[in-house]
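> whatever this is, show me its structure:
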Amino acid sequence: MMRIGRRNQRGVGLLVVMWACTLLAILLGGYAALARTEGLQANYQFQQAQAHYAAEAGLMRAVYALQSPNVNDRWIADGRVYPMLFDQAKVGVSITSESGKVDLNSATPDVLTNLFRNVGVDPGHASAIAQAIIDWRSFSLTPQQTTQRKAAYAAAGRDYAPRSGPFASVEELQMVLGVTPEMYAKVAPYVTIWSGRSSPDPNTAPLIALASAPGMDLQHAAAIIAARPANAGANAAPGLVANNGITHSIRSEAILADGTRAVLRTTVRLQGFRPGAQAFAVLRWQEGDEE
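Numbers count the residues shown, from 1 in each chain. The predicted structure is shown next:
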């Protein structure tokens with residue numbers, strides 16, 4: 001009987017040891033999986049940070065290139081892409097002068113209408129949107145105008161009325177009656193609130209914006225863009241040479257060897273290189289491609 005009892009005790013002890021070993025193995029496996037996950041997260045964050053700083057380097061390079069002491073080395077702000085390498089990252093930088101875009105606060109009704117037509121909106125709807133933009137940015141002259149504008153937005157299910165004043169941001173365009181998210185996504189790269197021009201500057205305007213100018217179409221605009229100089233140089237438009245105080249949108253995309261990608265978009269106002277002064281002021285800063 002004593003031998004049987006001892007055998008039972010040894011069996012129970014062996015079972016306990018086996019369960020303990022199994023539990024330890026599970027704990028070690030879980031710890032290893034957690035350590036691997038944390039390692040992957042740390043590596044991802046490091047790669048993202050590396051791509052981010054490479055994209056920032058592209059932005060800084062663009063700011064300098066717009067104001068380079070050597071005019072022939074200056075980059076043209078018409079949306080063309082300038083490639084560069086930074087710390088083994090491939091960086092593509094494009095600059096668009098805000099004067100080459102359609103100003104929501106200053107553009108004529110025809111320019112606004114053409115802009116929406118150029119992105120595929122039918123003529124009647126494009127004209128209606130242009131008028132809605134004019135109404136949004138214009139002060140109401142009479143109480144009747146104010147009431148009519150409010151009524152139009154209320155009828156469309158909006159719980160707000162037009163600003164009756166200048167656009168405070170490009171994003172505000174999304175609130176204008178008739179502008180759908182799809183339309184906004186198409187026109188957002190070509191509109192601004194910082195140029196003060198009634199029509200885009202033909203020297204730097206990208207295709208869609210240039211084709212919105214009076215007397216212009218997509219074919220004519222494409223021909224003008226194709227004829228632009230390869231660099232700023234002596235034969236470029238004066239606006240490309242005298243950059244101090246001019247406002248630009250810069251897009252910088254960095255891609256690492258493993259495919260990690262970072263995109264930075266900013267709008268800056270150049271202030272020139274002066275001792276003790278910042279070379280530029282940031283008006284808008286966005287990360288990623290979404291508006």
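
> low-confidence bits of the stretch 151-291 of the chain, can you list those?
231-245, 273, 291 (pLDDT under 70).

> quick one, helices of it?
181-187, 207-210, 218-226, 238-241 (DSSP state H, counting those that start in this stretch).

> quickly compare these and say which is most buried.
Compared across these, helix 207-210 shows the largest average neighbour count, a mean of 24 (mean count of other CB atoms under 10 Å). The way it works is simple: take the backbone N, C-alpha and C, and place the C-beta from them, glycine included.

> that helix packs against which elements?
Judged by 3 or more CB pairs under 8 Å, 6 or more residues apart in numbering; DSSP states H and E, helix 207-210 is in contact with helix 109-118, helix 218-226.

> can we see that at 6 Å?
Using 3 or more CB pairs under 6 Å, 6 or more residues apart in numbering; DSSP states H and E, no helix or strand is in contact with helix 207-210.

> hmm, who's touching it?
100-102, 118, 190, 200, 221 (CB atoms under 6 Å, 6 or more residues apart in numbering).

> let's see 8 Å
Under the contact criterion CB atoms under 8 Å, 6 or more residues apart in numbering, helix 207-210 has outside partners 100-102, 115, 118-119, 187, 189-190, 200, 202, 216, 218, 221-222, 224-225.

> before we move on, back to that, export the helices of the stretch 151-291 of the chain to TSV and tack on distance to residue 50?
Shown next, in TSV, are the helices of the stretch 151-291 of the chain (distance: least, CB to CB, whole Å):
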stretch	distance to residue 50
helix 181-187	29
helix 207-210	33
helix 218-226	34
helix 238-241	33
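
> among these, which comes closest to residue 58?
For residue 58, the closest of the helices of the stretch 151-291 of the chain is helix 238-241, at 19.6 Å, according to CB to CB.

> how about the strands of the stretch 1-150 of the chain, start to end?
78-86, 89-97, 102-103 (DSSP state E, counting those that start in this stretch).

> next, the angle helix 218-226 makes with the first one.
In other words, strand 78-86. Put simply, strand 78-86 runs at 40 degrees to helix 218-226, going by axes from the mean of the first three to the mean of the last three CA atoms, to 10 degrees.
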